[in-house]
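[1] Could you look at this predicted model? Sequence included:
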Amino acid sequence: ATFGNLSDRLADTFKNLRTKGKLSASDVDGTVREIRRALLDADVALDVVKEFTGHVRERALGDEVNKALNPAQQVVQIVNEELIAILGGQQRRLEFAKKPPTIIMLAGLQGAGKTTLAGKLSKWLAKDGHTPLLVAADLQRPNAVTQLGVVAEQAGVAIFAPEPGNGVGDPVQVARDSIKYAGVKQHDVVIVDTAGRLGVDAEMMAQAAKIRQAINPDEVLFVIDAMIGQDAVNTAKAFQEGVDFTGVVLTKLDGDARGGAALSVASITGRPIIFASTGEGLDDFEAFHPDRMASRILDLGDILTLIEQAQQNFDEEEARQVAEKFATDTFTLDDFLKQMQQLRNMGSLKKMMGMLPGMGQMKEQLDNFDEREIVRTEAIIQSMTRAERVTPKSLNGSRRLRIAKGSGTTVTEVNSLVNRFEQAAKMMKTVAKGGMPQIPGMGPV
Ligand code: GDP
């Protein structure tokens with residue numbers, strides 16, 4: 001897939017981070033260096049890489065990470081946010097004219113996927129109740145009008161084109177006429193396909209600019225092939241200077257390209273990516289969501305949602321106190337109970353665990369995990385005296401029997417809880433000394 005390699009590289013970077021507790025400045029620098037290399041190898045434009053890594057570094061060294069319960073996850077979240085930012089931030093929808101028809105002009109190099117896009121976009125719009133008209137203003141390529149005709153038929157939409165055999169017409173005039181025609185025939189959207197060349201070319205640019213002037217489109221979409229790598233920057237800049245555009249469409253995201261164009265173009269041009277094309281079929285097309293694309297690149301499942309939930313539910317200061325208790329062996333069954341109650345506040349534990357990446361193998365364990373066990377655990381701890389909760393070592397046989405009776409459980413269950421508590425305390429003690437942070441109170445799940 002387009003971002004396969006980049007995803008793997010970033011995942012490796014984060015994996016190294018995850019084994020660490022607090023992050024030193026050199027940890028951050030090392031991570032930023034790896035991210036930088038991964039992005040450059042994915043053909044992301046140097047200026048974009050610099051800006052991106054600059055932001056990540058600054059934030060990773062800042063307070064939000066330093067004070068975080070889990071600095072590594074915080075870094076992942078920062079990378080995610082910065083990725084969303086370079087992809088344009090908020091989703092930008094197609095804008096429609098207040099008074100129809102809405103005029104959409106397509107521009108881009110030959111082979112970028114403009115004609116295919118015209119079909120995809122018109123089908124997508126038709127599904128939404130619009131009545132699009134496809135306009136063949138590409139009169140340079142002999143086959144272009146025919147190709148647009150085929151696409152229009154597949155999409156089930158109307159086409160406006162000069163009669164074949166009429167020689168080379170004037171694309172500006174064709175575009176102008178098509179708008180009048182749309183008014184008469186009540187097409188509420190007009191999609192104008194323009195000519196492209198294999199390379200950026202002054203004549204083509206001048207023609208596109210003239211068409212733009214003549215029809216004053218509501219949207220000019222610059223169509224760019226995600227596979228063109230480093231050339232993306234120059235091509236995008238040339239089109240911005242020559243015609244300018246209101247939005248970008250990325251095509252061929254299904255390919256094996258390294259994806260740098262996709263990651264550079266919004267940032268380089270300051271224009272939003274509105275659609276993504278992901279195949280040759282007319283349905284291989286979607287509205288572009290910067291946040292979804294970032295998640296896809298980071299390939300971390302819903303880990304960020306999980307982090308957010310954890311952050312909302314755990315008071316960080318309290319978490320630090322708990323860590324302190326673990327480190328000094330003063331963590332009690334009362335604390336254990338409190339942790340567990342917080343966990344219950346996080347909603348279904350299973351659902352939460354399911355959001356973690358790589359949970360495939362743990363599925364069985366998850367299925368065996370019984371949330372009612374938390375309720376039983378609560379009952380057991382509540383049947384203990386204060387002194388017993390603070391010093392679980394004092395729990396001899398007769399006390400355990402009393403507690404089992406008081407909580408409506410069995411001695412085996414009481415034993416199991418005490419064992420789990422001791423295991424958790426031991427594990428958390430390691431963590432508090434710099435091992436990998438875990439969600440406290442989770443026990444041996
Ligand atoms: P135009 O010259 O800009 O009009 O480009 P075309 O629409 O003719 O597309 C050029 C080639 O790319 C055609 O073979 C299309 O089938 C193919 N193509 C267009 N979009 C995509 C896409 O998203 N994925 C893939 N794999 N191929 C595409």
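    Structure's in. What do you need? Everything numeric here is computed off the predicted structure, so don't read it as measured data.

[2] lowest average confidence, helix or strand, in this structure?
    Within the chain, confidence by mean pLDDT, DSSP states H and E is lowest for helix 303-313 among all helices and strands, at a mean of 50.

[3] pLDDT value on the residue lying closest to Ser383 once chain neighbours are set aside, please?
    With sequence-adjacent residues excluded and distances taken as C-beta to C-beta, 6 or more residues apart in numbering, Ser383 is closest to Gly406, at 3.5 Å. (Glycine included, C-beta is placed from N, CA and C.) pLDDT for Gly406: 92.

[4] my read: Gly406 touches Ile381, true?
    No. Here Gly406 lies out of contact with Ile381, judged by C-beta atoms under 8 Å, at a distance of 10.8 Å.

[5] Between those two, point out the one with more neighbours.
    When neighbours are counted by other C-beta atoms under 10 Å, Ile381 comes out ahead of the other of Gly406 and Ile381, with 23 against 14.

[6] Who are the contact partners of that one?
    Contacts for Ile381 (C-beta atoms under 8 Å, 6 or more residues apart in numbering) come out as 333-334, 336-337, 389, 417.

[7] and which of these is nearest to the ligand?
    When the contacts of Ile381 are compared for distance to the ligand (C-beta to the nearest ligand atom), Phe336 wins out at 54.0 Å.

[8] Please give the element, helix or strand, for the closest one.
    helix 333-345 (DSSP states H and E).

[9] Within range of the ligand, give me the residues from the stretch 151-300 of the chain.
    196, 251-252, 254-255, 277-280, 284 (C-beta under 6 Å from any ligand atom).

[10] Please list only the buried members of those.
    With burial judged by 16 or more other C-beta atoms under 10 Å, the buried subset of those is 196, 251-252, 254, 277-278, 284.

[11] Would you mind giving those residues as CSV with pLDDT added?
    Below are those laid out as CSV (pLDDT from 0 to 100):
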residue, pLDDT
Gly196, 87
Thr251, 94
Lys252, 92
Asp254, 85
Ser277, 93
Thr278, 89
Asp284, 90
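
[12] Could you export the residues you listed as TSV, including distance to Arg141 and secondary structure?
    Listed next are those as TSV, based on distance: C-beta to C-beta, whole Å; DSSP: H, G, I helix; E, B strand; the rest coil:
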residue	distance to Arg141	secondary structure
Gly196	8	coil
Thr251	17	strand
Lys252	19	coil
Asp254	24	coil
Ser277	19	strand
Thr278	24	coil
Asp284	23	coil
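
[13] Tell me the backbone dihedrals of the residue nearest to Ser383, please.
    Main-chain torsions, Gly406, degrees, to the nearest 10: phi -60, psi -30.

[14] where do the helices sit along the stretch 51-200 of the chain?
    Remark: helices assigned in the stretch 51-200 of the chain by DSSP state H, counting those that start in this stretch are 63-66, 71-86, 114-127, 144-155, 171-185.

[15] For Ala97, give me the backbone phi and psi.
    Dihedral angles of Ala97 (phi, psi; degrees, to the nearest 10) stand at phi -70, psi 150.

[16] In contact with it, which residues?
    Counting by C-beta under 8 Å, 6+ apart, Ala97 has contacts 103, 218.

[17] Try it again at 10 Å.
    Contacts were defined as C-beta atoms under 10 Å, 6 or more residues apart in numbering; by that measure Ala97 touches 103-104, 188-190, 216-219.

[18] I'm done for today, thanks for sticking with me.
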